[in-house]
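Colleague: need a structure here:
(chains A, B, C and D, ligands or ions: 6)
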Amino acid sequence: MTGDDPGDHPGDPGVDLAPERPGALVLRTPILAAAGCLGYGVEAVGQVDLSALGAVVTRGTTLHARAGGPAPRMTDAPAGLLHALGHQNPGITTVLERHAPRWVTWEVPVILSLVATSAEEFAALAERTDGIPGISGLELDLGSVESGRKGRPISYDASSVGHIVAAVRAATDLPVLVKLSITSPDLRGVGRAAAEAGADALDCGSGPPALLQGRRAMLSGPAVGPLALRAVSELARRSRLPIVGCGGVTTLHDATAMLEAGAVAVAVGTAMLADPSLPIRLAAELADQRSS
Amino acid sequence: MTGDDPGDHPGDPGVDLAPERPGALVLRTPILAAAGCLGYGVEAVGQVDLSALGAVVTRGTTLHARAGGPAPRMTDAPAGLLHALGHQNPGITTVLERHAPRWVTWEVPVILSLVATSAEEFAALAERTDGIPGISGLELDLGSVESGRKGRPISYDASSVGHIVAAVRAATDLPVLVKLSITSPDLRGVGRAAAEAGADALDCGSGPPALLQGRRAMLSGPAVGPLALRAVSELARRSRLPIVGCGGVTTLHDATAMLEAGAVAVAVGTAMLADPSLPIRLAAELADQRSS
Amino acid sequence: MDGELLAAREYLPGHWLQTWRVPSLASRAQPGQYAYVATPPGWSVPLLRPVTLHGFDRVPGEVVVQLAPDAPAQGWLAPLPPGGRATFAGPFGRPLRIEASAHHLLLIADGSSIGRLRSLVDSALGAGRQVAVLLGAISASEVYPSSLLPDEVEYAVATADGSLGHHGTVLDMVPRYEAWADQAFAAGSPDMLQDLVTLLRGRDARLGVARLARRPGRRSARGAAAAPRDWLQVVLEQRVGCVLGVCLGCSVEGATGPVRVCREGPAFASQELAWSDPA
Amino acid sequence: MDGELLAAREYLPGHWLQTWRVPSLASRAQPGQYAYVATPPGWSVPLLRPVTLHGFDRVPGEVVVQLAPDAPAQGWLAPLPPGGRATFAGPFGRPLRIEASAHHLLLIADGSSIGRLRSLVDSALGAGRQVAVLLGAISASEVYPSSLLPDEVEYAVATADGSLGHHGTVLDMVPRYEAWADQAFAAGSPDMLQDLVTLLRGRDARLGVARLARRPGRRSARGAAAAPRDWLQVVLEQRVGCVLGVCLGCSVEGATGPVRVCREGPAFASQELAWSDPA
Ligand SMILES: Cc1cc2nc3c(=O)[nH]c(=O)nc-3n(C[C@H](O)[C@H](O)[C@H](O)COP(=O)(O)OP(=O)(O)OC[C@H]3O[C@@H](n4cnc5c(N)ncnc54)[C@H](O)[C@@H]3O)c2cc1C
Ligand SMILES: Cc1cc2nc3c(=O)[nH]c(=O)nc-3n(C[C@H](O)[C@H](O)[C@H](O)COP(=O)(O)OP(=O)(O)OC[C@H]3O[C@@H](n4cnc5c(N)ncnc54)[C@H](O)[C@@H]3O)c2cc1C
Ligand SMILES: Cc1cc2nc3c(=O)[nH]c(=O)nc-3n(C[C@H](O)[C@H](O)[C@H](O)COP(=O)(O)O)c2cc1C
Ligand SMILES: Cc1cc2nc3c(=O)[nH]c(=O)nc-3n(C[C@H](O)[C@H](O)[C@H](O)COP(=O)(O)O)c2cc1C
Ligand code: FES
Ligand code: FES
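Modeller: Ligands and ions are numbered 1, 2, ... in the order given. Okay, here's the model as predicted:
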């Protein structure tokens, strides 16, 4: 996807997630697949018309392969899902070798989600994507419960966010999205730190820290929707960066509420697990609603 | 209630929420009615056998009467309830005049919940309870979304917690419970600050900040259960104070999970709204489970 | 109290009328009151959620529950097949009151809110009174079918798009009936109710002539307790928490302080509530 | 795929067998596979949740779903009356495989997990094989009723409290059958499965004599692909997210890396999985 004609309708400008990098990351529709909920996208080819999505955010990817956490990794919670996946992934080298050649051929922008614990490691990951076609942007997972210190996501601390974003910014020209935890206590400070360090957009965000059979886990799904809405609205009042709203979106009503709270686009996670075409239906419904 | 024979069974010591004040606040059963969900208790007389509860925490009470917030104050959320009640209450003078004389006659300990924004105001409230029989303890509402600054509960900040608790401690000899938000980012620091300033117990806690039709609101109910469990377990590993676990408790399974996570007692809020005798059933089931 | 679903029909897309056998509810329900239905066992929050009692039939012990698309209980009640079960509570709160001397009743509603007043029609006709119903809706496709009202009722409809009846709002039709009516009852959106109250502020002036001309002397016959300011009663809806009166979640501003819709309401004399002053 | 509930019975307190008409599921299901049922429309999270296929009858297009008290779908399926509807998906994943040369099948389960192997009994008997079922339970009141098994099946029960059958665990009974059985299939708690695998580590030694004595030459007849190490297959359960293979929520440790229960499973040869070494 080049960004030349992002909108389906003539005159529809699309959603620009990196306004300072013209054409670099313009989405056709404001609905994204949230990180981890569509794997690397390749798993879903044939099941879902990926080109109808605004973007695919990949599974979180680390420098070296990870086997993931012990079972059970997931359990149902009231109106939500608890998960502690341990960032199972084959490592960035394999991911780029195996999947980037297919991503190049896709119309939908692929945003690679990066997982690390230090600024250096994040920068190293970003460098690895240098010159590799098929990647339209990087998302830094600073909202994860499992890679933060003591289960506190990195995005609980504005200065860590600033350091990491600055290091990544120095390592790449790709659009950089910063994913925050929706329970970050200092969203205003965090949003400012990200913007000052050169982030292009914010993803708000990851589910809050919870407990899965005594282990740290993330809660996601409709249960966290009201928390995500509040976080997006607080961030939107303070931040000049475009915001992707994420958390609990399941219906058109949820998506609309996110946009009204100040998001420019919406990512769908848990709700697409069982029904990967849900975001596509939402995108269509949203377009209908807007044109009527 | 004097604490002489708190247990129903000979030899059952009850749950001591103020170990440093022997006999001052010993509960017969580890199940409490959470603040605000049984009003001042008097509303429920005749509907519920209050004496079967461990304690009743009252509605949040301020120095002066408050009319409360605009409608709608409440709405359903997935597996939860959103509320922005605006602390409607008749003010501490009226509350003490009208209700304390009845509380004296009850077997169940009544814990008065206090709402204020500064250490001085909290201390002034505590002083008003001086010498008034019928109050077994004070709970400082530092978890409230509506009285914190910009929707951030006071308990997001350890030093504020320390100041407020110290001021109240100087003003009263009653047992003091400190209620924290379950999304407080620094539970360890907050727990320590409360303990050092002389708190007797922690209530963990209040639901997280959310949005109700654009206004700041609290989310409660089963949706927040996994967040409360995580907060209790984190606090329990660090704090020497007894912990009341609160958030989403609806079933015996939930109550047991709270106790396993390190709470000594459990408060039930949302789940008792429609069924005020639910906590009593839970207390009975818990006793059965323990004796079998 | 356990209820069994006997029959259901979707009278407009997404709008249901369900007949339930719940004798102890049917025997006590009064017009304007809500019933409450418990969230089902698999549901994660045990709450009582309001349903509108569209009608009740005391002898067989049946109630007709109306479910609008946004009804809180729609999610779990609408999919039930006949034979399905649910746990009911209520009726709670204060009903609408028809005064003994009132012969002409005016009912004003918008959208599906007419369901909240529907059982008043049956009570009133049963007692030999005359009833006019004024309904406002977005368009013809959302209008409560006249077939659901007894023939004796005068039924006037206004639609915002003019696709049926008067082109405009339900309030446009009120002045034509206000002289005729001894009492009025309204249910609907907060905006509509506010506009109605504002409109009625001019009523005394307008009626000085009209009323005296049509029914001289009736006013004084009503007595002090039923002063003309009680002419309008409204049924409010609010999101509820406990419906037991303890949580204060349903509070709205009353004329003399907060009132609880679940206890002091749902029916109020319009003067019991706080309304905005006209701009 | 839409399903209609035809009949339901509670065969033990809290344990249900429901017969559903779902032709496209019934026609494709194989022993060991799960079916999935969508959370109902009123439910807040749209998820597919696993149900055990206790049996299937291809011609009328019916499946029998088993719901244990802790089944994820219990909350919304168990209360349904006949005529109730649900949306099914599946079967997904790999089924249990009976080898052509296997005549004697040993089924090992604890608690309600026997439901996961139950349809294998029907397939095996239909093809003229012999089946022995070993079941472990806490006490007699939780034992799967023998009336639910065909008469031809040899059924041995162990209870932890000795209230029925052998006083002890299901594993105590395994050595008695291991020589007889050509293949074994197990379902149950992770602990039980681990203990079973540990127990079977001694099997080769034990069988060196027993097998040769009973069926000389059979082993070589099986060919290389069905080496003796495939003697045991297990059906795993894991909490699932997507059941489509993308979320990795159902991953467990396999012998050569993580495997997804929803895709590479739910049936595995025991050697495909990573087990703890004996202490
Ligand atoms: C006294 C009273 C009577 C009323 N009577 C009626 C009436 O009869 N008919 C009518 O149409 N309207 C009625 N209303 C209006 C009604 O309150 C609102 O229109 C309605 O609450 C709007 O609901 P909502 O869509 O915001 O949320 P809801 O529909 O209540 O819920 C939001 C979403 O969360 C999900 N959800 C809710 N609770 C849970 C839970 N516990 N677990 C999992 N998921 C959950 C639901 O599936 C839903 O999708 C009444 C209101 C009051 C106060
Ligand atoms: C492939 C597979 C097949 C299985 N098959 C079966 C089987 O057939 N029978 C069996 O007994 N077990 C089966 N299991 C086992 C089953 O997964 C666990 O025993 C079960 O998940 C335990 O559930 P729980 O009580 O932890 O949570 P759950 O029962 O899943 O849920 C916890 C609570 O949250 C509520 N809740 C859950 N989701 C929502 C929601 N979306 N909205 C509102 N509230 C919600 C529920 O009401 C429940 O009270 C299977 C597991 C797998 C992986
Ligand atoms: C199965 C699953 C896997 C996830 N994996 C990732 C991940 O790898 N990286 C990440 O940043 N977020 C991950 N998330 C979080 C989601 O991207 C999303 O932020 C969160 O689930 C909240 O949105 P939701 O409520 O729509 O699910 C995952 C969520 C789920 C449910
Ligand atoms: C209707 C309602 C009123 C409440 N009022 C108060 C209050 O006055 N003071 C307070 O500290 N917490 C108040 N809470 C919060 C509860 O005490 C409790 O901390 C929270 O709801 C989480 O528990 P739950 O999930 O069991 O409801 C209120 C909660 C509800 C639902
Ligand atoms: S709903 Fe709780 S006081 Fe009315
Ligand atoms: S459940 Fe998602 S990969 Fe298996």
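
Colleague: mind showing which ranges of chain A have poor pLDDT?
Modeller: A:1-12 (pLDDT under 70).

Colleague: and the helices in the stretch 1-150 of chain A?
Modeller: A:92-103, A:119-128 (DSSP state H, counting those that start in this stretch).

Colleague: so which of those helices gets nearest ligand 5?
Modeller: Ligand 5 sits nearest to helix A:119-128 of all the helices of the stretch 1-150 of chain A, at 49.2 Å, using Cβ to the nearest ligand atom. C-betas here are computed from N, CA, C, even on glycine.

Colleague: can you name the residue of the stretch 1-150 of chain C nearest ligand 3?
Modeller: C:Ser44 (15.9 Å).

Colleague: name the element that residue belongs to?
Modeller: Following DSSP states H and E, there is no helix or strand that holds C:Ser44.

Colleague: need the contact list for it.
Modeller: A:78-79, B:79, B:221-223, B:250, D:44 (Cβ atoms under 8 Å, 6 or more residues apart in numbering or on different chains).

Colleague: same thing but 10 Å
Modeller: Listed by Cβ atoms under 10 Å, 6 or more residues apart in numbering or on different chains, the contact partners of C:Ser44 are A:77-80, A:223, B:78-80, B:221-223, B:225, B:248, B:250-251, B:271, D:43-44, D:75.

Colleague: and if you look at A:Val95?
Modeller: A:40, A:58-59, A:61-62, A:65, A:89, A:112, A:128-129.

Colleague: dump those residues to a markdown table, plus neighbour count and distance to D:Thr87.
Modeller: Output for the contacts of A:Val95, formatted as a markdown table (neighbours: other Cβ atoms under 10 Å in any protein chain shown; distance: Cβ to Cβ, whole Å):
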| residue | neighbour count | distance to D:Thr87 |
| --- | --- | --- |
| A:Tyr40 | 22 | 28 |
| A:Thr58 | 24 | 29 |
| A:Arg59 | 24 | 28 |
| A:Thr61 | 29 | 34 |
| A:Thr62 | 21 | 37 |
| A:Ala65 | 16 | 37 |
| A:Asn89 | 25 | 32 |
| A:Leu112 | 30 | 34 |
| A:Arg128 | 20 | 43 |
| A:Thr129 | 21 | 41 |
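
Colleague: using the three-state scheme, assign A:Lys179.
Modeller: strand (DSSP: H, G, I helix; E, B strand; the rest coil).

Colleague: give me the buried stretch members for stretch C:149-159, please.
Modeller: If you call a residue buried by 16 or more other Cβ atoms under 10 Å in any protein chain shown, then stretch C:149-159 has these buried ones: C:149, C:153, C:155, C:157-159.

Colleague: next one: the closest residue to ligand 3 within the stretch 101-250 of chain A from B:Leu142, what distance?
Modeller: Going by Cβ to the nearest ligand atom, ligand 3 is nearest to A:Ser220 of the stretch 101-250 of chain A, at 3.1 Å. A:Ser220 sits 28 Å away from B:Leu142, going by Cβ to Cβ, to the nearest Å.

Colleague: chain B contacts on the stretch 151-279 of chain C?
Modeller: For the stretch 151-279 of chain C, the residues in contact with chain B (Cβ under 10 Å from any Cβ of the partner chain) are C:190, C:236-253, C:257-258, C:261, C:263.

Colleague: ok, now with 6 Å
Modeller: C:238-239, C:241-242, C:245-249, C:251-252, C:258 (Cβ under 6 Å from any Cβ of the partner chain).

Colleague: got those as TSV, with neighbour count columns?
Modeller: Listed next are those as TSV, based on neighbours: other Cβ atoms under 10 Å in any protein chain shown:
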residue	neighbour count
C:Gln238	21
C:Arg239	20
C:Gly241	27
C:Cys242	26
C:Gly245	17
C:Val246	26
C:Cys247	29
C:Leu248	24
C:Gly249	28
C:Ser251	27
C:Val252	21
C:Pro258	20
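
Colleague: for ligand 1, tell me which of these show up nearby.
Modeller: Residues of those in contact with ligand 1 (Cβ under 6 Å from any ligand atom): C:238-239.

Colleague: and the residues of the stretch 151-279 of chain C next to chain B, which is closest to A:Ala284?
Modeller: C:Arg239 (30.8 Å; Cβ to Cβ).

Colleague: and the buried residues of stretch C:149-159, which two are the farthest apart?
Modeller: That would be C:Val153 and C:Thr159, which, of the buried residues of stretch C:149-159, are the farthest apart (Cβ to Cβ) at 18.7 Å.

Colleague: tell me, how many residues neighbour residue 17?
Modeller: Assuming you mean chain A. As a burial measure, A:Leu17 scores 31 neighbours (other Cβ atoms under 10 Å in any protein chain shown).

Colleague: you answered for a different chain; I wanted chain C.
Modeller: 20.

Colleague: list the contacts of it.
Modeller: Neighbouring residues of C:Leu17 by Cβ atoms under 6 Å, 6 or more residues apart in numbering or on different chains: C:9, C:11, C:54, C:64, C:66.

Colleague: one more time with 8 Å
Modeller: C:8-9, C:11, C:54, C:64-67, C:148.

Colleague: same check, this time on A:Leu138
Modeller: Per Cβ under 8 Å, 6+ apart, neighbours of A:Leu138: A:111-114, A:125-126, A:129, A:168, A:172, A:174-177.

Colleague: wait, doesn't A:Ile164 sit right on A:Ser155?
Modeller: No. Using Cβ atoms under 8 Å, A:Ile164 and A:Ser155 do not qualify as a contacting pair, with a distance of 9.5 Å.

Colleague: picking up where we left off before, distance to B:Ser291 added to the contacts of A:Leu138, as TSV?
Modeller: Compiled in TSV, these are given as follows (distance: Cβ to Cβ, whole Å):
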residue	distance to B:Ser291
A:Ile111	56
A:Leu112	56
A:Ser113	51
A:Leu114	53
A:Leu125	56
A:Ala126	60
A:Thr129	61
A:Val168	58
A:Thr172	63
A:Leu174	63
A:Pro175	62
A:Val176	59
A:Leu177	55
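
Colleague: show me which of the residues you listed is closest to D:Arg94.
Modeller: Nearest member of the contacts of A:Leu138 to D:Arg94, counting by Cβ to Cβ, is A:Ser113, at 29.7 Å.

Colleague: what is the closest one paired to in the beta sheet?
Modeller: Note on A:Ser113: beta-bridge partners by DSSP bridges are A:Glu139.

Colleague: I'd guessed it sits against A:Thr58; true?
Modeller: Yes. Contact between A:Ser113 and A:Thr58 holds when scored by Cβ under 8 Å: they sit 5.2 Å apart.

Colleague: so the closest residue to ligand 5 within the stretch 151-292 of chain A, which of the three states?
Modeller: Closest contact between the stretch 151-292 of chain A and ligand 5, by Cβ to the nearest ligand atom, is at A:Pro226 (19.3 Å). Of the three states, A:Pro226 takes helix according to three-state DSSP.

Colleague: which residues touch residue 266?
Modeller: No chain in the question, so chain A it is. A:30-32, A:244-246, A:249, A:254-255, A:258-259, A:282.

Colleague: let's do chain C instead
Modeller: Counted by Cβ under 8 Å, 6+ apart, C:Pro266 has contacts C:32-34, C:93-94, C:116, C:235-237.
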